[in-house]
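S.K.: below are the sequence and a predicted model for it; my questions follow.
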Amino acid sequence: MDSNDQEHVRSLIPFAQMPDDIFNSMIPFITLKTYAPSKMVFKRGDADLLLYWLMEGSVDLLDKSFEARNRKSKDENARYVLDSHEPHRLTAITTSNCRLALIPRSTLGEFSENLDAGISLDRTLEDDDGVDWMSALLSSPLFEFIPPANIQTLFSKFEEVEYAAGEVVIRQGEPGDYFYVIQSGRTKVERQIAGKAQLLAELKAGDNFGQDALVSDEPRNANVTMLTDGTLMRLAEPDFEHLLMAPVIETVTLEEANEMIAAANPKTYILDVRNPKELETGKIENSLNVPLLLLRKNMPKLITDAIYITTCNNGKRSKLAAYQLNESGFTGYVLEPNKET
């Protein structure tokens, strides 16, 4: 930390109120970190060992209703910690290139014992009802792709629907119409195979479902039934496509894919998500094959920091594969359908 940075940190609260000897003893524990735009600094509901001050740039602070308040480094309240609560009551997302000062919460706590009572760490007190469905959804890696300005619009489009135990929410074979997030209650996901119901999963509050049919434009591939009474939040297909899917799905040409593979920075693979029998008609040289229905099951075998470019015969399954990869924290692109073989 150079002298200019040290002077800036010294002006922040509570450092500005500390005796020199206490502030100087804290300097080794203070870290300055840079963030690109649209990055999540911390998330509502998370326990965090660090405290954050905005040195440069601007961030959006989102409360439990996803109402956003923008804080700029030039604002007077930028002298205060972004959110001192543990767990966090706010979500912080950068809206520009930012630099933040970080210090371990426990370190400041120890030194605070030497300070006058009443040092204010925070000016953003919020009512805390615990982690809700919006916080759970926001924790998805997908939200790294969503522009911060769109987040409030996205959540405003959800509508609340009550369901009774035993009620079917989604029927296998029907067209997709909504994306769902469970606000309360539990559901089961079953697939009919040869007339028999195969249990795929049980979902709880905070989990989501229904996106596969919307992304692939294929019929629903499973039944979803309420195990208990519950409340679901649903997002209509047009809003899902515009606000959630469009920022996530990015295409590349075969020429661009080959350039990425040759550069190998990071290592890049073409992932064919067709069934093995379909490969008899031909496939891209050196491509990997993981059928779409087995992709989620095989994700633990994939390389975390690699890039996967998905392909099929018409682009529908490859879009869903790329969505699933990005949803799970991987980096997935779609090979342009008219370039696929």
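M.R.: Structure received. Residues are numbered from 1 along each chain as shown.
S.K.: next helix or strand past the helix ranked longest in the chain?
M.R.: Across the chain, the longest stretch assigned as helix under DSSP state H is helix 316-327. Counting by DSSP states H and E, the element after helix 316-327 in chain order, helix or strand, is strand 331-335.
S.K.: mind listing what that next one pairs with, with the direction of each?
M.R.: Taking DSSP bridges as the criterion, strand 331-335 forms sheet pairs with strand 251-252 (parallel), strand 307-311 (parallel).
S.K.: centre of the chain to that strand, how far?
M.R.: Distance of strand 331-335 from the chain centroid (CA atoms, centre = their mean, to the nearest Å) equals 17 Å.
S.K.: report the angle between it and helix 316-327.
M.R.: Put simply, strand 331-335 runs at 160 degrees to helix 316-327, going by axes from the mean of the first three to the mean of the last three CA atoms, to 10 degrees.
S.K.: now strand 331-335 - C-alpha only, CSV.
M.R.: Provided in CSV are the C-alpha atoms of strand 331-335 (Å, rounded to 0.1, in the frame of the first residue of the first chain):
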residue,chain,number,x,y,z
THR,A,331,-17.7,-21.7,-19.3
GLY,A,332,-19.9,-22.8,-22.1
TYR,A,333,-20.5,-21.5,-25.6
VAL,A,334,-22.7,-22.7,-28.5
LEU,A,335,-21.3,-23.6,-31.9
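S.K.: contacting residues around it?
M.R.: 249-254, 257, 266, 270, 306-311, 315, 318-319, 321-326 (CB atoms under 8 Å, 6 or more residues apart in numbering). (Glycine included, C-beta is placed from N, CA and C.)
S.K.: the longest helix of the chain - contacts with which helices or strands?
M.R.: helix 211-216, helix 292-298, strand 307-311, strand 331-335 (3 or more CB pairs under 8 Å, 6 or more residues apart in numbering; DSSP states H and E).
S.K.: any idea how far residue 28 is from residue 22?
M.R.: Residue 28 sits 13 Å away from residue 22, taking CB to CB, to the nearest Å as the criterion.
S.K.: and these two? Which one has more around it.
M.R.: Neighbour count, other CB atoms under 10 Å: between residue 28 and residue 22, residue 22 has more, with 15 against 9.
S.K.: separation between the more buried one and residue 52?
M.R.: Distance from residue 22 to residue 52, counting by CB to CB: 20 Å.
S.K.: same check on residue 4?
M.R.: Going from residue 4 to residue 52 by CB to CB gives 20 Å.
S.K.: ok, the two, which is more surrounded?
M.R.: Taking other CB under 10 Å, residue 4 and residue 52 do not tie; residue 52 has more neighbours (21 against 8).
S.K.: residue 25 belongs to a helix?
M.R.: Yes. Assignment of residue 25 by DSSP: H, G, I helix; E, B strand; the rest coil places it within a helix.
S.K.: what pLDDT does residue 106 get?
M.R.: Predicted confidence (pLDDT) for residue 106: 83.
S.K.: so where does it fall, helix or strand?
M.R.: Per DSSP H and E: residue 106 is located in helix 105-112.
S.K.: heading C-terminal from that helix, find the next helix or strand.
M.R.: Next along from helix 105-112, by DSSP H and E: helix 133-138.
S.K.: following that next one, which helix or strand comes up?
M.R.: Downstream of helix 133-138, the first helix or strand assigned by DSSP H and E is helix 148-156.
S.K.: pairing partners for the helix or strand following that following helix, with directions?
M.R.: Note on helix 148-156: by DSSP H and E, the next helix or strand toward the C-terminus is strand 159-163. Paired neighbours of strand 159-163 in the sheet (DSSP bridges): strand 230-236 (antiparallel).
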